[in-house]
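1. Requesting a structural model of the entry that follows:
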Amino acid sequence: MNWKSLLHVNLGGNNLTGNIPPSMSFLLNLTSLHLHENNLSGDISSSSLQYCRSLSILNVRKNRFSGNIPKWMPQSIRILQLRSNKFIDNLILLVKGQQSNYESNLKLIRMVDLSSNNLTGTMSPQLFSLSQLHFLNLSHNRLTGTIPKEIGNMTQLESLDLSKNELTGQIPVSISSLSLLDNLNLSFNNLSGQIPSGTQLQSFSELSYIGNADLCGPPLPKNCSNHGDDTKTLGENDDDGDESDFLSCLYMGLGVGFAVGFWGVCGAIFFSRKCRHAYFRFLYDLRDRFYVLLLTNLNSFR
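-> Numbering: from 1, shown residues only. From the prediction side, this is the model:
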């Protein structure tokens, strides 16, 4: 409490226990606080950190904090890492009842990591009003519902991880507008339907989508033609089947014909003296013709 000029505090990677001490409220100039990988506990939502109005980085990942997700974040906050704790808040409470403060205070935040907690509920569309967010990680929780189409508003997003939740429905087409996205993980949810096509979403590996049994389309090997595609009529499907059967029969016939012809010629040569003599006479005649043609061409160049 006597070190009021402190700007950066890093106590991560120790074996600290207990709560965040009230004396933290005296560090009014604090800009970054790293308490990660300790055994700290308590309710961070009511901690004295709310008086650190200059705080831009808060990293408390891998502790034992519980209770609600803090709502007192200062306007200066840029990076928020709360992963691997025991928060049990419904994610919608991040904005419920405080939507105006949330949008004005946190609109410049760059990174949010709330993974590996016990978050439940749905992702509120207001969460995606963080238009300057670059990294969002909500993986390893129990989030339900669909991915809101408002996710397309986060045009600066570079990394999105929603894996290992209980999300349902289709991947919204609006996600294709995230042109800066270079890391995507939607695996192990209950997503369904076709992955939006014609976008960079096909450039990610199938590992970004695995664990969604009803998801189909590139880059997954599962074809969507027989998976909820209502654009094809029964007649069109029958035509495709007839064409496929015709090609299969054609290729099989060509293969059988080649085999029969080849072994027929070989058998005639091997087992018939007359055919064998005729065959070698043909080869000798062909050799003589080639020799004469070669000499003629050589004389023409002299």
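2. ok, now which ones touch the closest residue to S76 other than its chain neighbours?
-> Distances taken as CB to CB, 6 or more residues apart in numbering put S56 closest to S76, at 4.9 Å, once the chain neighbours are dropped. To be clear about C-beta, it is placed using only N, CA and C from the backbone, and glycine gets the same treatment. If a contact means CB atoms under 8 Å, 6 or more residues apart in numbering, then S56 has 31-32, 76-79 as its contacts.
3. With respect to pLDDT, which of the residues you listed ranks lowest?
-> Going through these one by one, the lowest pLDDT turns up at S76, 78.
4. May I see the domains of this structure written out as residue ranges?
-> If the domains of the chain are taken from automatic domain parsing, they occupy 8-230, 236-300, with pieces of a single domain joined by a plus sign.
5. Tell me which of these sits most buried.
-> Across the domains of the chain, averaging neighbours per residue (mean count of other CB atoms under 10 Å) puts domain 8-230 on top, at a mean of 17.
6. So S205 is in contact with P218, correct?
-> No. When contacts are counted by CB atoms under 8 Å, S205 is not listed as touching P218 (11.0 Å).
7. Can you list phi and psi of the closest residue in space to C224 that isn't next to it in sequence for me?
-> The shortest distance from C224 to any residue other than its chain neighbours is 4.2 Å, reached at C216 (CB to CB, 6+ apart). Recorded main-chain torsions at C216 are phi -150, psi 170, according to degrees, to the nearest 10.
8. re the thing from before, between the domains of the chain, which has the poorest average model confidence?
-> Within those, the stretch with the lowest mean pLDDT is domain 236-300, showing a mean of 64.
9. ok, back up a step: turn the contacts of S56 into TSV, including distance to N153.
-> Listed next are these as TSV, based on distance: CB to CB, whole Å:
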residue	distance to N153
T31	28
S32	28
S76	22
I77	19
R78	19
I79	20
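10. Which of the residues you listed fall within strands?
-> 32, 79 (DSSP state E).
11. can you pull the contacts of the residue lying closest to D182 once chain neighbours are set aside?
-> The shortest distance from D182 to any residue other than its chain neighbours is 5.8 Å, reached at E158 (CB to CB, 6+ apart). E158 makes contact with 134-135, 180-183 under the criterion CB under 8 Å, 6+ apart.
12. let's see it at 10 Å
-> Going by CB atoms under 10 Å, 6 or more residues apart in numbering, E158 touches 110-111, 133-136, 178, 180-184.
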